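>>> quick one, what's the 3D model for this:
(chains A and B)
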Amino acid sequence: MDAITVAFAALYQFGDAFAFLVLSACGLAVIFGMMGVINLAHGEFIMCGAYVTVSGANAGLPLPLAILLGALVSAAVGALVERLVVRHLYERPLDTIVATWGLSLIATQGTLIVLGSTMGGIGTPLGSFQIGGYSYSVYRLVLFVMAIAVLAGLYALFNWTRFGVMARATIQVPHMAAALGVDTRSVYSLTFALGAGLAGLTGGLYAPTMTLVPTMGTTFIMEAFVTVVVGGADVFLGTAPAAVILAIVKSAMTSWQGQLFGQIGLLLAVIVVIRVLPKGISGFLLRERT
Amino acid sequence: MSGKFVRGLRAVALTGTVLLGAGSAFAADPIKLGVLEDQSGDFAAATLGKVHAIQIAADEINKAGGIDGRPLELVIYDTQSDNTRYQEFMRRVLQRDKVDAVFAGFSSASREAYRPIVNQFDGLAFYNNQYEGGVCDANMIVTGAVPEQQFSTLIPYMMETYGKKVYTLAADYNFGQISAEWVRNIVKENGGEMVGEEFIPLGVSQFSQSIQNIQKAKPDFVVTLLVGTPQASYYEQAAAANVNLPMASSVNVGQGYEHKRFKPPSLKDMYVTTNYIEEVDTPASKAFVAKFKAAYPDEPYVNQEAENSYLAVYLYKQMVERAKSTKRDDLRAEIAKGDVCMDAPEGKVCLDPKSQHMSHTIYLAKVGADHSITFPKVWEDIKPYWLGEAGCDLTKSDPSEQYTPSNPPSKS
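Below you'll find the predicted structure:
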């Protein structure tokens, strides 16, 4: 086994873990990291995106369009949830935990009752390629590229567009933004919908590779929260480095000792990072919203 | 658990209580059967069919005059794939509902969670699930298949067909660990070699690194003992990475009907030993499936646990009618005679008096590239011999223990 094979294998595994962490976390980074809403229904937005994507693909849509549809439907559901529930709780961040947890239970059980215990998969597209003694799935590289694209897109959105500036202003000092003529209510609404839409995108992207069940969101939630907590408030400068660190630890540990140690390594890394850099969390949990 | 919380729970749980056969046709007191199965949560896909199967059997029995003239009443709770729910509801059915027998449990973790409670209240529980074997407990009757029935048939067949290098990928809890131990021992006995073994925590859904580890070890086939819907994502991901190795399993297809849920050919060359799946092509099996689909047209699949649960109701009926009693000791006296047998949809099954486990017809199911099922081999009347040979004899003593090949009963 030559050096290139080994190097590529390690790189591929890192990219795979990185993509999973970034895509799990990006929606939550906006809703929890930026807005401070502890959204326990994050996994259900992912599930929603996955179900819509698969339904779309089964109805004959090409996969990229189906994934887009999944993201859009999740965003729409997110906007609705913001208007009906979350909007009334911006002053009470702890209550959002209970509210969104309730929503997640309703979504999981509702999906089970209405759509049944499982949904047929659509199969992973694009086939495989071979390097050295290993064969790899091409689609996993697409996931990696999409993770980078999402990060770049978010960076551009929040730094270079009018909406991005208004969103950051609204979230930092809402009354000042309002005094300057920003419609803060709709900015909150749009930002929440953006987070939900990103979660839906993740669901759509992973739908072809996973079992579709009402509880599928829970497999993302742990990675999503640890990435955001380690990352802190800034969507781009927080999530990206957090995902890099955690992905290196996780893929190295998994390759060395298997999945169990991968998970242990991930959680140990979180503890260490929070201990050394406490502002990673406190930056947003203690921030005042007045 | 505080009383307040339990009362709150009661309101929720009552919606799941179904009373069957309580009509005016019967004068006698009903026989109550507790049903604790996962109707929601991670395991629901594999276990909803068990509840339906029990309801079908109860309906049939009640239409035909009940058990010894007494109607059969089901007390059903949704255990939500949660071990603590099993403990709560097991106490509830035994203490408050005062059921005569309980049908309970999918995962081995849930069984071990509720088993001490069954022992404490000296109840009778049926575990209608294939599992890692070894439970020697007079309060338990097991109708599912065990490793000596599933692996002593499957692994030698796979080694003869594909080669002697074996890799095991197993769920990291008692079922996966003990099953992997069985595989390890059988591979060794047959002159094979374990080239790798990995235990996957429950709930893990991403397998890129595990797939690479398997490719590195170059096995002739992979034994997959993966449990729960997140872990089932392995097949899709392995197929996408073109791993292309034959697979052997005691849990897949027969429980979670992965061949129906995934797009072909991700389960190509998967071999499973099971005591029943809906594709079994016998008149008895076809009649059973037809009955099931008539009662539950939307049922996605009739799996082995559904059949186990269905036959267990009839087995219970037979024991009660023979003993003229619902007392556990009277029923066990019937089991001790060694002729508690019946013709189930899979074929003839009998309860073994020593272990209170069941003999089965074992079907080797092979999944084709188009996900169709063929049966290259069928073994009839495979006995659950291991516990009895190892020294468990419930007709003489009741240790209420779970034994494993590395921790057998002490022969004193």
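
>>> span of stretch A:55-69 from start to end?
Stretch A:55-69 has an end-to-end distance of 10 Å (criterion: CA to CA, to the nearest Å).

>>> show me which positions of that stretch end up buried.
Within stretch A:55-69, the residues that count as buried by 16 or more other CB atoms under 10 Å in any protein chain shown are A:55-57, A:63, A:66-69. Backbone N, C-alpha and C define where each C-beta goes, glycine included.

>>> please, which helix or strand holds A:Ser135?
strand A:134-137 (DSSP states H and E).

>>> and the buried residues of stretch A:55-69, which of them are in helices?
Among those, the members falling in helices (DSSP state H) are A:55-57, A:63, A:66-69.

>>> thought A:Gly265 was touching A:Lys250?
Yes: contact between A:Gly265 and A:Lys250 holds when scored by CB atoms under 8 Å: they sit 6.0 Å apart.

>>> who touches both of those two?
Counting by CB atoms under 8 Å, 6 or more residues apart in numbering or on different chains, A:Gly265 and A:Lys250 have no common neighbour.

>>> which one's more surrounded, the two?
For A:Gly265 versus A:Lys250, neighbours defined as other CB atoms under 10 Å in any protein chain shown are more numerous around A:Lys250 (30 against 20).

>>> for that one, list the residues it contacts.
Residues in contact with A:Lys250 (CB under 8 Å, 6+ apart) are A:17, A:21, A:262-263, A:265-266, A:269.

>>> how about the helix or strand hosting it: buried residues?
Secondary-structure assignment from DSSP H and E places A:Lys250 in helix A:235-257. For helix A:235-257, burial by neighbour count (16+ other CB under 10 Å) applies to A:235-236, A:238-240, A:242-243, A:245-255.

>>> what of stretch B:317-337?
Applying 16+ other CB under 10 Å to stretch B:317-337 flags B:317-320, B:322-323, B:325-326, B:328, B:331-335 as buried.

>>> so what's residue 94 closest to, chain neighbours aside?
No chain was given, so I picked chain A. Leaving aside its chain neighbours, A:Leu94 sits nearest to A:Ile38 (7.7 Å; criterion: CB to CB, 6 or more residues apart in numbering or on different chains).

>>> chain B is the one I meant
Counting by CB to CB, 6+ apart, the nearest residue to B:Leu94 once its immediate chain neighbours are dropped is B:Phe121, at 4.3 Å.

>>> wait, doesn't that neighbour sit right on B:Arg96?
No: using CB under 8 Å, B:Phe121 is not in contact with B:Arg96, being 11.2 Å away.

>>> neighbour count for those two, which is higher?
B:Phe121 (14 against 11).

>>> and the pLDDT at that one?
On pLDDT, B:Phe121 comes in at 93.

>>> for chain A, what helix or strand is lowest in average pLDDT?
The least trusted helix or strand in chain A, going by mean pLDDT, DSSP states H and E, turns out to be helix A:279-285, with a mean of 50.

>>> roughly how far apart are B:Val222 and chain A?
14 Å (CB to the nearest CB, to the nearest Å).

>>> isn't that residue right up against B:Asn244?
No: taking contacts as CB under 8 Å, B:Val222 lies outside contact range of B:Asn244: 10.6 Å.

>>> mutual contacts of these two, please.
Contacts common to B:Val222 and B:Asn244, judged by CB under 8 Å, 6+ apart, are absent.

>>> okay, the two: which has more neighbours?
With neighbours defined as other CB under 10 Å, B:Val222 and B:Asn244 compare such that B:Val222 has more, 25 against 13.

>>> phi, psi for that one please.
Backbone geometry at B:Val222, expressed as degrees, to the nearest 10, gives phi -110, psi 130.

>>> B:Leu33 now?
Dihedral pair for B:Leu33: phi -120, psi 120, per degrees, to the nearest 10.

>>> check contacts around it.
Contacts for B:Leu33 (CB under 8 Å, 6+ apart) come out as B:54, B:58, B:72-75, B:99-103, B:313, B:316.

>>> now, which of those lie within helices?
B:54, B:58, B:313, B:316.

>>> what about the second one, neighbour count?
It stands for B:Ala58. Each residue near B:Ala58 was counted by other CB under 10 Å, and the total is 25.

>>> that one contacts B:Pro71, doesn't it?
No: between B:Ala58 and B:Pro71 there is no contact under CB under 8 Å: 9.0 Å.

>>> buried ones only from the contacts of A:Lys250, please, as a PyMOL command.
In PyMOL, a selection of the buried entries from the contacts of A:Lys250 looks like this (16+ other CB under 10 Å):
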select buried, chain A and resi 17+21+262+263+265+266+269
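
>>> could the contacts of A:Lys250 go into TSV alongside distance to chain B?
Shown next, in TSV, are the contacts of A:Lys250 (distance: CB to the nearest CB, whole Å):
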residue	distance to chain B
A:Ala17	8
A:Leu21	10
A:Gly262	7
A:Gln263	6
A:Gly265	12
A:Leu266	11
A:Ala269	16
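
>>> sketch out the strands for the stretch 101-250 of chain A, chain order is fine.
A:128-131, A:134-137 (DSSP state E, counting those that start in this stretch).

>>> how about the first one: buried residues?
This points to strand A:128-131. A:Ser128.

>>> next, see if it gets close to chain B.
Yes: Strand A:128-131 comes into contact with chain B (CB under 8 Å from any CB of the partner chain), by way of A:128, A:130.

>>> packing partners of that strand?
With contacts taken as 3 or more CB pairs under 8 Å, 6 or more residues apart in numbering or on different chains; DSSP states H and E, strand A:128-131 sits against helix A:3-28, strand A:134-137.

>>> hmm, 10 Å instead?
Counting contacts by 3 or more CB pairs under 10 Å, 6 or more residues apart in numbering or on different chains; DSSP states H and E, strand A:128-131 packs against helix A:3-28, strand A:134-137, helix A:138-160.

>>> for the last one, same thing?
Other helices and strands packing on strand A:134-137, by 3+ CB pairs under 10 Å, 6+ apart, are helix A:3-28, strand A:128-131, helix B:208-217, helix B:233-240.

>>> contacts for it, please.
Around strand A:134-137, the neighbours that count as contacts under CB atoms under 10 Å, 6 or more residues apart in numbering or on different chains are A:1, A:5-6, A:8-9, A:12-13, A:16, A:124-130, A:143, A:209, B:208, B:211-212, B:214-216, B:236-244.
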